[in-house]
Every structure is written in structure tokens, then in C-alpha cells.
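> the sequence and its predicted three-dimensional model are supplied below.
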Amino acid sequence: MQSWRTTILGIIGGLMLLLPQLQAAIDNDPTTNLNYEQVIAAFALLGAGIAARDNKVSSEKAGAK
């Protein structure tokens, strides 16, 4: 994992969006609704954080060249 800074921030950001939605899905309260837009945004942020490259990592080190 060459770009660990970006990956960790992407995972943390995605989990901050996803965990409240997971709680709403399993709380057994019929008045709470799952926000699918937040779930999609969380997975997009997770994917972006994993795919992105840190500014401190060169293209050669990341395998882009």
C-alpha cells in the first residue's frame, strides 16, 4: 500500500457516511429510513480513497509509469 494516507482518509470518510446508515437499517425502528444516496456516496468515497494516489508517491513508485 504505497498511498496509505489517501487510502486511510478515504476509508474513514466512507465509514463516517456508511455507519449511520447501517445503524438506521438495523435499529428495528420503522420510522427511520435508509438514505440510499448516503450509501452510494459512502461507497464512492471508499473507492476514490482506495484508488487515489498520495502526492508524496511518485508515478514510478506507484507503478503508473
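Ah, there it is.
> switch to C-alpha atoms for all contacts and neighbour counts from now on
Will do.
> what number of residues lie near the residue lying closest to residue 33 once chain neighbours are set aside?
Spatial nearest neighbour of residue 33, chain neighbours left out: residue 24 (6.5 Å); criterion: C-alpha to C-alpha, 6 or more residues apart in numbering. Neighbours of residue 24 under the rule other C-alpha atoms under 10 Å: 16.
> which helices and strands sit right next to the helix or strand harbouring residue 24?
Element membership for residue 24 (DSSP states H and E) is helix 4-26. Applying 3 or more C-alpha pairs under 8 Å, 6 or more residues apart in numbering; DSSP states H and E, one finds that helix 4-26 makes contact with helix 36-51.
> what's the angle from the helix it packs on to helix 4-26?
160 degrees (axes from the mean of the first three to the mean of the last three C-alpha atoms, to 10 degrees).
> contacting residues for residue 43?
14, 18 (C-alpha atoms under 8 Å, 6 or more residues apart in numbering).
> for residue 51, which non-adjacent residue is closest in space?
Nearest one to residue 51, counting by C-alpha to C-alpha, 6+ apart, is residue 7 at 7.6 Å.
> quick check, that neighbour in contact with residue 45.
No - if you go by C-alpha atoms under 8 Å, residue 7 and residue 45 don't touch, sitting 10.0 Å apart.
> and the residue nearest to residue 10 when sequence neighbours are not counted, how many residues sit next to it?
Closest residue to residue 10 apart from its sequence neighbours, by C-alpha to C-alpha, 6+ apart: residue 49 at 3.8 Å. Using other C-alpha under 10 Å, residue 49 has 23 neighbouring residues.
> where does pLDDT dip in this structure?
1, 57, 59, 62-65 (pLDDT under 70).
> distance check, the residue nearest the centre of it against residue 5.
For the chain, the residue nearest the mean C-alpha position is residue 46 (2.2 Å; C-alpha atoms, centre = their mean). Here the distance between residue 46 and residue 5 works out to 13 Å (C-alpha to C-alpha, to the nearest Å).
> same check, this time on residue 54
Residue 54 is 7 Å from residue 5, by C-alpha to C-alpha.
> and residue 58, by the same measure?
The value you get for residue 58 to residue 5, if C-alpha to C-alpha is used, is 14 Å.
> sounds good, over and out.
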